[in-house]
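Undergrad: sequence plus the predicted model coming up.
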Number of protein chains: 2
Amino acid sequence: MPKSDDTYHHGDLRAACLRAARQLLEEDGSAALSVRAVARRAGVSPTAPYRHFAERDTLVSAVAAEGYVELAGQLAAAHPSPSTPDDLAAVALAYVRFALEHPAMFRLMFAEPCDPSSEDRVVATAVISEYVGGIVRRAFPGADPDAMSTGVWALVHGLAFLYLDGKLDASAPEVVAGRVGAVVRELASAAAAMSPAAAEADRP
Amino acid sequence: MPKSDDTYHHGDLRAACLRAARQLLEEDGSAALSVRAVARRAGVSPTAPYRHFAERDTLVSAVAAEGYVELAGQLAAAHPSPSTPDDLAAVALAYVRFALEHPAMFRLMFAEPCDPSSEDRVVATAVISEYVGGIVRRAFPGADPDAMSTGVWALVHGLAFLYLDGKLDASAPEVVAGRVGAVVRELASAAAAMSPAAAEADRP
DNA sequence: CTACAATGTGAGCGCCGCTTACATTAGCGT
DNA sequence: ACGCTAATGTAAGCGGCGCTCACATTGTAG
């Protein structure tokens, strides 16, 4: 008589585990994301999740993959096809905002090296990578796309992390918006004005 | 008769714990950095470290603080007083190199929000912050120092993280050096050429 | 309908963080 | 020199964790 009245088989325990994991992550941070806690919340025995996730890392990778697709969605929502420094600033702000609104998830997404075993996770990051590349090609046609994509992503990602670590003032959304906008516009508009010759230096 | 022949009191257990912790971190990653493992390596009972570190987080914060001062040392060694985009590229490379050579330590340093309770950690980050600020004031006298410092640090920090996450090719040191140099120079030289008027946009 | 594969359970091992009570010792005032 | 106190280390133990293994239940293909 393990369960009171419900069925022995859960039905969709995998999805239930992911849901529970995300709840725990939001509520108490990544330390609370234990297999046993997930099982408890899903109303199932402590070892049941191991039928769907080989080990804890598999579970957190799956959660991280969900985070990536959500981040991609937020970026696309900020601007479907950005092509100016202002557009770029809006996207950068969406990126930072995601990090600040889901700090535990954001940290989880970048806490460990993206293991090639988690296919979901790899393709999810590839989507973001291509999205950034598209922005750069439209906004900075003169620059080397690789170097510029790298720079833009690094800048935005670094901004998010600095905010997350409390190195920058994140007291009010407007403050964050103003600062991110200023930084991105300052660097991006300068880069856009550059002659394409500068890009040549990347490939000697 | 707890210990065979050595003294009952260790002498400097705190330093021994920090040493052991850093060894474990380098060898097996942050997951291996447990209080008990540290105690074992220091040749002491499992709970002895709690006399010097209130909880595990206190220990890892102390380790992170050491990481910050070492990072600051590496940056200063790369260039004591950088003032040109090329100097800046050298410092950025040192930053990225530190992350790639001590990945577990680097992740540890930025894994959790910098808790204000760890004084060492706070002052160590403040040192780096001022160092970056100094670079920016010398290299980009026309720009708004705050926005520019933020941008530079974010860019470099983001680069380090993207390398660490395997998003960029880190197969050979020369490849990394070339790419970091290209990205930093591309953005920095452009920013340096800007008219100071752009900085005004930050403070409307 | 039955055999099988998939899914969930229960017990248990070793490790972990941390607390509490106790043992040893260094250092200091007298 | 001596004893007191505080600092430092020890031993035992609690609950939680990741994970394994043997077993129970059930959907499903033949």
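TA: Great, that's in hand.
Undergrad: now do the helices in chain A.
TA: Across chain A, reading from the start of the chain, the helices by DSSP state H fall at A:13-28, A:35-42, A:56-78, A:85-101, A:103-111, A:119-139, A:145-164, A:173-193, A:197-200.
Undergrad: out of those, deepest packed?
TA: Burial among the helices of chain A, expressed as mean neighbours by mean count of other CB atoms under 10 Å in any protein chain shown, is greatest for helix A:145-164, which shows a mean of 25. Glycine gets a C-beta too; all of them are placed from N, C-alpha and C.
Undergrad: other SSEs contacting it?
TA: In terms of contacts (3 or more CB pairs under 8 Å, 6 or more residues apart in numbering or on different chains; DSSP states H and E), helix A:145-164 is packed against helix A:85-101, helix A:103-111, helix A:119-139, helix A:173-193, helix B:145-164, helix B:173-193.
Undergrad: tell me which of the helices of chain A sits nearest to DNA strand C.
TA: Distance to DNA strand C, taken as CB to the nearest atom of the strand, is lowest for helix A:13-28 among these, at 3.6 Å.
Undergrad: now check that closest one, is it near chain B?
TA: No: using CB under 8 Å from any CB of the partner chain, helix A:13-28 stays clear of chain B, coming no nearer than 13.7 Å.
Undergrad: can I get the helices of chain A in CSV including distance to DNA strand C and mean pLDDT?
TA: Conversion of the helices of chain A to CSV gives the following (distance: least, CB to the nearest atom of the strand, whole Å; pLDDT from 0 to 100):
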stretch, distance to DNA strand C, mean pLDDT
helix A:13-28, 4, 97
helix A:35-42, 7, 97
helix A:56-78, 12, 94
helix A:85-101, 26, 93
helix A:103-111, 17, 91
helix A:119-139, 17, 85
helix A:145-164, 22, 88
helix A:173-193, 32, 83
helix A:197-200, 49, 45
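Undergrad: got TSV for those, with distance to B:Glu174 too?
TA: Putting those into TSV (distance: least, CB to CB, whole Å) gives the following:
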stretch	distance to B:Glu174
helix A:13-28	40
helix A:35-42	43
helix A:56-78	31
helix A:85-101	31
helix A:103-111	26
helix A:119-139	23
helix A:145-164	16
helix A:173-193	25
helix A:197-200	19
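Undergrad: wait, which of the ones you listed is closest to B:Pro145?
TA: Comparing the helices of chain A by their distance to B:Pro145 (CB to CB), the top pick is helix A:173-193, with 11.7 Å.
Undergrad: next one: phi and psi at A:Ser83?
TA: Backbone torsions for A:Ser83, taken as degrees, to the nearest 10, come to phi -140, psi 0.
Undergrad: leaving out chain neighbours, which residue sits closest to it?
TA: Taking CB to CB, 6 or more residues apart in numbering or on different chains, and ignoring the residues beside it in sequence, A:Ser83 has A:Arg138 as its nearest neighbour in space, at 4.0 Å.
Undergrad: who's in contact with A:Met109?
TA: Contacts of A:Met109 were listed using CB atoms under 8 Å, 6 or more residues apart in numbering or on different chains, and they are A:64, A:67-68, A:71.
Undergrad: which of the helices of chain A sits closest to B:Ala188?
TA: helix A:173-193 (8.8 Å).
Undergrad: using PDB, write down the CA coordinates of that closest one.
TA: Presented in PDB, the C-alpha positions along helix A:173-193 are these (Å, rounded to 0.1, in the frame of the first residue of the first chain):
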ATOM      1  CA  PRO A 173      14.700  48.000 -12.800                       C
ATOM      2  CA  GLU A 174      15.100  51.500 -14.200                       C
ATOM      3  CA  VAL A 175      18.600  51.800 -12.900                       C
ATOM      4  CA  VAL A 176      19.600  48.500 -14.500                       C
ATOM      5  CA  ALA A 177      17.900  49.400 -17.700                       C
ATOM      6  CA  GLY A 178      19.700  52.800 -17.900                       C
ATOM      7  CA  ARG A 179      23.100  51.400 -17.100                       C
ATOM      8  CA  VAL A 180      22.900  48.400 -19.500                       C
ATOM      9  CA  GLY A 181      21.600  50.600 -22.200                       C
ATOM     10  CA  ALA A 182      24.400  53.100 -21.700                       C
ATOM     11  CA  VAL A 183      27.100  50.500 -21.700                       C
ATOM     12  CA  VAL A 184      25.900  48.600 -24.700                       C
ATOM     13  CA  ARG A 185      25.200  51.700 -26.700                       C
ATOM     14  CA  GLU A 186      28.500  53.200 -25.800                       C
ATOM     15  CA  LEU A 187      30.500  50.200 -27.000                       C
ATOM     16  CA  ALA A 188      28.200  49.000 -29.800                       C
ATOM     17  CA  SER A 189      27.700  52.300 -31.500                       C
ATOM     18  CA  ALA A 190      31.400  52.800 -31.500                       C
ATOM     19  CA  ALA A 191      32.000  49.400 -33.000                       C
ATOM     20  CA  ALA A 192      29.400  50.000 -35.600                       C
ATOM     21  CA  ALA A 193      31.200  53.200 -36.700                       C
END
